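> 3D model of this:
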Amino acid sequence: MSNFSSLHLALSGLYAQRRGLDVTGQNIANANTEGYSRQRVTMSSDAGPVVPAMFSRWNGTGQGVHADAVMRMRDQFLETRGYQEHGANAAAKSLQGTFARIELAFSEPTDQGIGAQLADFLAGWDDLSNKPDDSAARSQLLERAKTLVFSFQQADAAMGGLRTSVVDQMGAVVDDVNAAAQNIAELNQSIQVATVAGLSANDLMDQRDLLISRLSDQIGVTARPGASGTVDVFVDGTALVRGSSFEKLRVSIDPTPPQPVSVVWDRDGYPTNPGGEVSGMITSVNDVIVRYRTELTAVAQKVNDDVNALHSTGYALDGATTGTDFFVMGPTGLDVNPAVLADPNLIAASSLAAPAVLDGANAQALADLTGPDVLYRKLVVGLGVEAQTANRRVDIQAAITEQIDMAREAEAGVNLDEEMVNMMSYQRAYEASARMMTAVDEMLSTLISGTGLVGR
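Now for the predicted structure:
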């Protein structure tokens, strides 16, 4: 190897270590950038020619170092596992939020809940049984009945509003998913162009992978590497993004009661089974909210049936009128009979006809009703158990997701202490290469100046 080859060897070291310093500086600068993956320069030794020329062969040392490429430090297995766990965590949190809002609608156990209003209503019958002819007791009973009716209607309206809110939110999430799919497809195209041209597309890949990670939270996705650095993204086994092309999703509402909601492919209306947050929303809309709203209606119907069954057999204050229902089931659900509201004397507190109008046995029988309360307690207990289960599931899934995220961060995240060590290592290697170049230069200077004259 000639002395000039030594200069080339030292120069390759300077170039490679400077590249390493540049990449280290890029990592430090992006230590707090969301979605950024730390990068490393891959270096390889230049071993020199391995094919002999005519009447000659290479018998020198290596020719220095090549800085081959800048690699992103990511573990594909951890990324795939992270997508799965994030989707499951988002679905669990979505259901948890639904149960919390349903519990808020029932307001149990508080003085404003249906249970307390039902107890006050039955207590009003007990008061009336003691004073069947007291107009104040009758008016008080009607006020408590109206409060109970309002509580039922308010809870039902709250759950109806919750369902509408969740459906609207689902539509917004699906629109966001479609926008993200388009961005991923565009990034795939840019990455493919850069990769084919031999350019680094690491930062574009980080942007794309961040979008895919968000999609896993929203709708649950899987990703598969494609050609030239691209990635294909799938929802329920069907490609949402394939290379530089993408598909769209939309929310579909069946007009047939109870109007189930689904997510379908926009191109042909074929249904899909998404994961993530949207999965929790679909479960909320099609099962949880509908089920508890139906159970609440059943409790209101039980109040209507049990109260009317006894009330219609009693006698009003005039001792003659009978067969009047206290409640009616109207368009908004349970309501007080308008005829009774207009004339409190129609309240059938007596079980005997005239002249025994002060008999309060029928009012006492109504005060002793237990069927509606038992049914409502069963509803509330069931809601509490399901909500507690949802909370526990979120805690467990959050712990699993956190472990995966920590493993992903350990692999792809920037550690400033590690980067400082790398920076010092590249710096010292650069200084050593520069010192070698200086030594070769001094040697050449001595050779040229000291042996330039013959016979001296």
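
> any low-confidence regions in the stretch 301-450 of the chain?
Applying pLDDT under 70 to the stretch 301-450 of the chain flags residues 356-357.

> can you do 80?
Counting by pLDDT under 80, the stretch 301-450 of the chain shows low-confidence ranges at 322, 354-358, 447-450.

> and the pLDDT at the most centrally placed residue in the chain?
Against the mean C-alpha coordinate of the chain, by C-alpha atoms, centre = their mean, the closest residue is residue 90 at 2.9 Å. Residue 90 is assigned 96 on the pLDDT scale.

> look up how far residue 178 lies from it.
Residue 90 is 18 Å from residue 178, where distance means C-beta to C-beta, to the nearest Å. Quick note: C-beta positions are derived from backbone N, CA and C, even for glycine.

> over to residue 364?
Applying C-beta to C-beta, one obtains 63 Å for the distance of residue 364 from residue 178.

> quick one: the helices in the protein?
Residue ranges of the helices in the chain, as given by DSSP state H, are 3-29, 76-106, 114-130, 135-196, 202-218, 276-283, 289-311, 338-342, 361-367, 371-412, 416-450.

> what are the buried residues along the last one?
Looking back up the chat, that one is helix 416-450. Neighbour counts over helix 416-450 (16 or more other C-beta atoms under 10 Å) mark 419, 422, 423, 426, 429, 430, 433, 436, 437, 440 as buried.

> any idea of the angle it forms with helix 3-29?
Compare the direction of helix 416-450 with that of helix 3-29 by axes from the mean of the first three to the mean of the last three C-alpha atoms, to 10 degrees and you get 160 degrees.

> helices or strands up against helix 416-450?
Of the remaining helices and strands, those touching helix 416-450 by 3 or more C-beta pairs under 8 Å, 6 or more residues apart in numbering; DSSP states H and E are helix 3-29.

> same check on the shortest one?
Using 3+ C-beta pairs under 8 Å, 6+ apart as the contact definition, the elements that helix 338-342 packs against are helix 135-196.

> mean confidence score for the helix it packs on?
Rounded to a whole number, the mean pLDDT of helix 135-196 is 95.

> what angle do helix 76-106 and it make with each other?
Our comparison of helix 135-196 with helix 76-106, counting by the same axes, to 10 degrees, yields an angle of 160 degrees.

> distance from the chain centre to helix 135-196, please.
Going by C-alpha atoms, centre = their mean, to the nearest Å, the spacing between the C-alpha centre of helix 135-196 and its chain's C-alpha centre is 14 Å.

> who's in contact with residue 269?
Each residue near residue 269 by C-beta atoms under 8 Å, 6 or more residues apart in numbering is listed here: residue 252.

> likewise residue 362?
Residues in contact with residue 362, defined by C-beta under 8 Å, 6+ apart, are 310, 311, 313, 314, 315, 348, 349, 350, 351.

> roughly how far apart are the last one and residue 22?
If I follow you right, that is residue 351. Counting by C-beta to C-beta, the separation of residue 351 from residue 22 is 95 Å.

> and the third one, by the same measure?
Summarising the geometry, the distance separating residue 313 from residue 22, computed by C-beta to C-beta, is 92 Å.

> who's more crowded, residue 351 and residue 22?
With other C-beta atoms under 10 Å as the criterion, residue 351 and residue 22 differ in neighbour count, and residue 351 comes out ahead with 17 against 14.

> surely the more buried one meets residue 365?
Yes - at 7.3 Å, residue 351 and residue 365 qualify as touching, with contact defined as C-beta atoms under 8 Å.

> count of residues packed around the nearest residue to residue 207 once chain neighbours are set aside?
The shortest distance from residue 207 to any non-neighbouring residue, by C-beta to C-beta, 6 or more residues apart in numbering, is to residue 187 (6.0 Å). Neighbours of residue 187 under the rule other C-beta under 10 Å: 23.

> residue 204 is in contact with residue 187, correct?
Yes - applying C-beta under 8 Å as the test, residue 187 and residue 204 come out as touching, 5.5 Å apart.

> quickly list the domain ranges of this protein.
3-73+413-450, 81-403 (automatic domain parsing).

> and those domains, which is most packed in?
Compared across the domains of the chain, domain 81-403 shows the largest average neighbour count, a mean of 18 (mean count of other C-beta atoms under 10 Å).

> give me the distance between the nearest residue to residue 384 once chain neighbours are set aside and residue 451.
If the residues on either side of it in the chain are set aside, residue 384 comes closest to residue 103, at 7.7 Å by C-beta to C-beta, 6+ apart. Residue 103 sits 95 Å away from residue 451 when distances are taken as C-beta to C-beta.

> I'd assumed residue 375 was in contact with residue 298.
Yes - at 6.9 Å, residue 298 counts as touching residue 375 under the criterion of C-beta under 8 Å.

> can you pull the contacts of the residue nearest to residue 412 when sequence neighbours are not counted?
Closest residue to residue 412 apart from its sequence neighbours, by C-beta to C-beta, 6+ apart: residue 37 at 4.4 Å. Contact partners of residue 37, counting by C-beta under 8 Å, 6+ apart, are 72, 73, 74, 202, 205, 206, 209, 412.

> at 7 Å instead, please
Taking C-beta atoms under 7 Å, 6 or more residues apart in numbering, we find residue 37 in contact with 72, 73, 74, 206, 412.

> closest one of those residues to residue 222?
Nearest to residue 222 out of the contacts of residue 37 is residue 74 (C-beta to C-beta; 16.0 Å).

> and the closest one, what pLDDT?
Taken from the predicted model, the pLDDT recorded for residue 74 is 89.

> that one and residue 81: what is the separation?
For residue 74, the distance to residue 81 under the criterion C-beta to C-beta works out to 12 Å.

> ok so, going back, for the buried residues of helix 416-450, which one is nearest residue 244?
Closest approach between the buried residues of helix 416-450 and residue 244, by C-beta to C-beta: residue 419, at 34.4 Å.

> that closest one against residue 24, yeah?
Yes - under the contact definition of C-beta atoms under 7 Å, residue 419 touches residue 24, with a separation of 5.4 Å.

> list residues touching both of those two?
When contacts are counted by C-beta under 7 Å, 6+ apart, the set common to residue 419 and residue 24 is empty.

> surely residue 360 meets residue 127?
No - the criterion here is C-beta under 7 Å, and residue 360 misses it with residue 127 at 9.7 Å.

> which residue packs closest to residue 126, ignoring adjacent ones?
Leaving aside its sequence neighbours, residue 126 sits nearest to residue 367 (C-beta to C-beta, 6+ apart; 3.9 Å).

> my error: substitute residue 154 in the last question.
With sequence-adjacent residues excluded and distances taken as C-beta to C-beta, 6+ apart, residue 154 is closest to residue 105, at 7.9 Å.

> OK, contacts around that neighbour?
With contact taken as C-beta under 7 Å, 6+ apart, residue 105 is in contact with 155, 158, 159.
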